[in-house]
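**Q** Provide a 3D model corresponding to the input given below.
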Amino acid sequence: MRKWLPLTAICLGAFILLVDVTIVNVALPRMADDLHASFTSLQWVIDIYALALAALLLAVGSLADLFGHRRLYVAGLVVFAAASLACSLAPNAAVLITARAVQGVGGAAMFATSAALVAATYHGRDRGVAFGVWGAVNGAAAAAGPIAGGLLTEGLGWQAIFLVNLPIAVVAMILTLRVLPAGSRKAGRLDLPGAIAFTLAAAAVTYALIRGGEQGWDDRLAVAAFVVAGLAAVGFLVAERLTARPMLDLALLRRPSFAGLLTGALLFQLAAFGGLVYVSLWLQNVLGLSPVRGGLALMPLAGTAFVVAAVAGRHTHRFAPRLPIGVGLLCVAAGSALLRLFVGTGSGQSALFAGLAVVGVGVGLTTPVLVSAAVESVPPRQAGMAGGAVNTFRQLGMTLGIALFGAVFSARLRAAPSVRAGYAAGIDRVALWAAVAALVGAVVVLTSVRRGPHAEPDPAPGATASADAAGSAATAVSART
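**A** Residues are numbered from 1 along each chain as shown. Below is the predicted model:
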């Protein structure tokens, strides 16, 4: 059993960082009451965490290559635990949002290194078993988030959803230092201009969407943020083109399969998860459900996704990756359409069941295949970069989804004659845009993604970016999903 202790250390970190993406949803109403927080503040409590993950994954992955994966993983655990404590002690929304941002920094370090640590620690048949367990823990984290959040919030207060991270992080740190190999450093340097430009672009566009939805799209700060986002995006492209070791080799974007998968990953996460926070607010603020019952009401999505992923993961390798991903996105679109059909002013929580369950089927079909498909669409030396890019675009999709849907939701809420009608109208419009986004993603994936690493010629012979240990991890995942 000792040989599985390293996997335990890795899975503990993966669990708490991923469960914190969804655990906050059902606690938001209690947070708002205790901290006297505004609607915009509620958006940022969730968005800033996902934004930090999205903006820093590529950069932290490069740092891990330079300084060692175990070292960065432990540093991530320390930062995550300290930020979790700060979240629980936050006296107001501003401190909570700041602490969540720092928590996201620690989460990015853990997320960017965990798969590489599995690959470096296990070999042969054990590696397949290890990645199977690691993937199941990732799925379980998403399913456990709403329930754990509800139980902790109702039983001990919303602060408990952050305090529970501390003992888990401590155990993970002790195990990591004792049983995981230290690894070695590599020569090279961080693509700092690219990292700064990407982070600034992601933060600016997120702020612009939230500010524009609250103050109007002609608001000066919103317009300025959009301009900054555009300039930073151009700066990122220039930086990646000029540096010898880019975080993202732009030549890969000329591969239709890879570009289609990045687009699909962003729209998938946006459509499937971007609107859940507003559904949670409706369940508690309008229907009056407790945090536990609010979490249970979201279980059709998480539970169905977990079951479908476990079953489909054994068979999806038989098909071209565009099929499970494309069909999964179509299911997300269909589920969103069902939510729009059934949720109305007089609806109860049962109106969510069919739509969330169908969305869950889509999530279960899509999630196990995205990273492996991206890895297979690029040369082997760039496998790690491809996997990191897809995870980055997934987190960015969730960040932008929360911000964009928040603008749509708040506009419908302000225009409605009553709070109940406003919430129903907001969910209706959010579901519509989620369905459209998922449908567009499905079309892009089904028409552009092709199977196999050699389906397309290398667009830039000499384009560089050495594969890191995460590349081996992603390859192992692709071989067993």
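
**Q** any idea how far T40 lies from L209?
**A** 11 Å (C-beta to C-beta, to the nearest Å). C-beta: built from backbone N, CA, C; applies to glycine.

**Q** quick one: which of the two has more around it?
**A** For T40 and L209, the more surrounded residue by other C-beta atoms under 10 Å is L209, and the numbers stand at 27 against 17.

**Q** Next one: that one from D219, what distance?
**A** Separation of L209 from D219 (C-beta to C-beta): 12 Å.

**Q** cool, and A203?
**A** 17 Å.

**Q** Neighbour count: those two, which is higher?
**A** A203 (21 against 15).

**Q** then the helix or strand harbouring the more buried one to PDB, C-alphas only?
**A** Per DSSP states H and E: A203 is located in helix 192-215. The C-alpha trace of helix 192-215 is given here as PDB (Å, rounded to 0.1, in the frame of the first residue of the first chain):
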ATOM      1  CA  LEU A 192       7.600  36.600 -18.400                       C
ATOM      2  CA  PRO A 193       6.200  39.100 -21.100                       C
ATOM      3  CA  GLY A 194       3.800  36.500 -22.300                       C
ATOM      4  CA  ALA A 195       2.700  35.600 -18.800                       C
ATOM      5  CA  ILE A 196       2.000  39.200 -17.900                       C
ATOM      6  CA  ALA A 197       0.200  40.000 -21.200                       C
ATOM      7  CA  PHE A 198      -2.000  36.900 -21.000                       C
ATOM      8  CA  THR A 199      -2.900  37.600 -17.300                       C
ATOM      9  CA  LEU A 200      -3.700  41.300 -18.000                       C
ATOM     10  CA  ALA A 201      -5.900  40.400 -21.100                       C
ATOM     11  CA  ALA A 202      -7.900  37.800 -19.100                       C
ATOM     12  CA  ALA A 203      -8.400  40.100 -16.100                       C
ATOM     13  CA  ALA A 204      -9.300  43.100 -18.200                       C
ATOM     14  CA  VAL A 205     -11.900  41.400 -20.300                       C
ATOM     15  CA  THR A 206     -13.500  39.800 -17.200                       C
ATOM     16  CA  TYR A 207     -13.600  43.200 -15.500                       C
ATOM     17  CA  ALA A 208     -15.100  44.800 -18.600                       C
ATOM     18  CA  LEU A 209     -17.900  42.300 -18.800                       C
ATOM     19  CA  ILE A 210     -18.800  42.600 -15.100                       C
ATOM     20  CA  ARG A 211     -18.500  46.400 -15.100                       C
ATOM     21  CA  GLY A 212     -20.400  46.800 -18.400                       C
ATOM     22  CA  GLY A 213     -23.200  44.600 -17.200                       C
ATOM     23  CA  GLU A 214     -23.600  46.600 -14.000                       C
ATOM     24  CA  GLN A 215     -23.000  50.200 -15.200                       C
END
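
**Q** pLDDT weak spots in the stretch 301-450 of the chain?
**A** For the stretch 301-450 of the chain, applying pLDDT under 70 flags the ranges 313-317, 380-381, 383-384.

**Q** ranges for the helices of it?
**A** In the stretch 301-450 of the chain, the helices defined using DSSP state H, counting those that start in this stretch lie at 322-342, 353-376, 383-415, 419-448.

**Q** and those helices as CSV, adding mean neighbour count and distance to V234?
**A** Output for those, formatted as CSV (neighbours: other C-beta atoms under 10 Å; distance: least, C-beta to C-beta, whole Å):
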stretch, mean neighbour count, distance to V234
helix 322-342, 23, 29
helix 353-376, 26, 24
helix 383-415, 25, 17
helix 419-448, 21, 23
